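Engineer: turn this into a model:
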Amino acid sequence: MDPTMAYRGLVLRLAANPVVRRALTVNGRRLALRFVAGETLDDALQVADRLHQEGILAILNLLGEMVTAEDPARKFKEQLLRLVDAVADRPWARYISVKLTELGVDLSEEFAFNQLAEIVDRARKAGCFVRIDMEDSGHVDVTLRLYRRLRAAGFNHVGIVLQAYLRRSERDLENLLPLRPNVRVVKGAYSVPPEIAFPSKRQVNENYLALARRNLGAGNYTAIATHDQRIIHYLKGWTRQTGLDRDRFEFQMLYGIRPDLQRALSREGYTIRAYVPYGQDWYGYFARRVAERPENLLFVLRGLLRV
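Structural biologist: Purely as a prediction, here's the structure:
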């Protein structure tokens, strides 16, 4: 197996261990603030305000996933409605991301759709864009179905995510193209068996570029979500050579990772947007960020040694 993929799988397995989870939940909260804006909406708004001053736009995301009862799912919906209302008064571009598992999709697809539609409707009135995050591979089909239902209902201010490490993503994109989708292309951060996902970093990168070129070439707005400078450099050159206007795509990165690169892209005149998560349910997100890069693991280990 590719060393990068093996590292990610190992870290995610360790993070799922109850002993490790308890230790990091108790001692890792302050370390998570490198990647998470904080636990409250006010924390997230303050970070977004600061980024705006630096020329970086924000995607606000209320952390939460794998909800197993209707009551907490409804509470997540209410918090997301408050988020939409809060960003409506901000001077920066209004943009949020939502996860279907925090809205109860594992309980009922119809229940989750009704919750999501209420959020998207409120967002339309507030001039806010909504990105539906793509979660683990078992939720791809239902995520695509609900995205299609929203588009069929006339909601055009909503986007989808495709993960380059999944073998199916090329076919999924082809099936979406008639909708002129606004797509965020990511590499993928979940632990997935090789029959579902490409086992090597090289294959993932090749598929990433293929997905981005295909959506851009079809004339669809594309969010290039990566910290990989080789991919960024390549797509900057490819879009110049093809004469693609910069208002047809943007670069997206995670809050707390490569802020220097984010500022540099902003100075070059590209649209750059940082994914700013917040909330109390930060552990799963934090674990995936640590699993993405060995440098992040070293940061955590050094921090724990100082506890």
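
Engineer: use CA for all of it now, contacts and neighbours both
Structural biologist: Will do.

Engineer: how much space between the residue nearest to the spatial centre of the chain and Ile160?
Structural biologist: Against the mean C-alpha coordinate of the chain, by CA atoms, centre = their mean, the closest residue is Asp133 at 5.6 Å. Distance check for Asp133 against Ile160: by CA to CA, to the nearest Å, it reads 7 Å.

Engineer: over to Arg131?
Structural biologist: 6 Å.

Engineer: between these two, who's got more neighbours?
Structural biologist: A direct count of neighbours by other CA atoms under 10 Å for Arg131 and Ile160 places Arg131 higher, at 24 against 21.

Engineer: which other residues reach the helix or strand containing the more buried one?
Structural biologist: Using DSSP states H and E, Arg131 sits in strand 129-132. The contact list for strand 129-132 (CA atoms under 8 Å, 6 or more residues apart in numbering) reads 94-100, 120, 123, 143, 147, 157-161.

Engineer: can you rerun that using 7 Å?
Structural biologist: Residues outside strand 129-132 that contact it (CA atoms under 7 Å, 6 or more residues apart in numbering) are 94-99, 120, 123, 157-161.

Engineer: excluding covalently adjacent residues, which one is nearest to Thr40?
Structural biologist: Gly279 (5.7 Å; CA to CA, 6 or more residues apart in numbering).

Engineer: who's in contact with the one you found?
Structural biologist: Taking CA under 7 Å, 6+ apart as the test, what Gly279 contacts is Gly38, Glu39, Thr40, Leu62, Leu63.

Engineer: buried ones among these?
Structural biologist: Buried subset of the contacts of Gly279 (neighbour count, 16 or more other CA atoms under 10 Å): Gly38, Glu39, Leu62, Leu63.

Engineer: can you flag which of these belong to strands?
Structural biologist: Leu62 (DSSP state E).

Engineer: quick one: the helices in the stretch 101-250 of the chain?
Structural biologist: 109-126, 140-152, 169-176, 201-217, 229-241 (DSSP state H, counting those that start in this stretch).

Engineer: okay, the first one in PDB with CA atoms only?
Structural biologist: Only the C-alpha atoms of helix 109-126 are listed here, as PDB (Å, rounded to 0.1, in the frame of the first residue of the first chain):
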ATOM      1  CA  GLU A 109     -33.800  10.000   4.100                       C
ATOM      2  CA  GLU A 110     -37.100  12.000   4.000                       C
ATOM      3  CA  PHE A 111     -36.600  13.400   7.500                       C
ATOM      4  CA  ALA A 112     -33.100  14.600   6.500                       C
ATOM      5  CA  PHE A 113     -34.300  16.000   3.200                       C
ATOM      6  CA  ASN A 114     -37.000  18.100   4.900                       C
ATOM      7  CA  GLN A 115     -34.500  19.400   7.400                       C
ATOM      8  CA  LEU A 116     -32.000  20.200   4.700                       C
ATOM      9  CA  ALA A 117     -34.700  21.900   2.500                       C
ATOM     10  CA  GLU A 118     -35.600  24.200   5.300                       C
ATOM     11  CA  ILE A 119     -32.000  25.300   5.700                       C
ATOM     12  CA  VAL A 120     -31.500  25.800   2.000                       C
ATOM     13  CA  ASP A 121     -34.700  27.800   1.700                       C
ATOM     14  CA  ARG A 122     -33.600  30.100   4.600                       C
ATOM     15  CA  ALA A 123     -30.200  30.400   2.900                       C
ATOM     16  CA  ARG A 124     -31.700  31.400  -0.400                       C
ATOM     17  CA  LYS A 125     -33.600  34.300   1.300                       C
ATOM     18  CA  ALA A 126     -30.300  35.300   3.000                       C
END
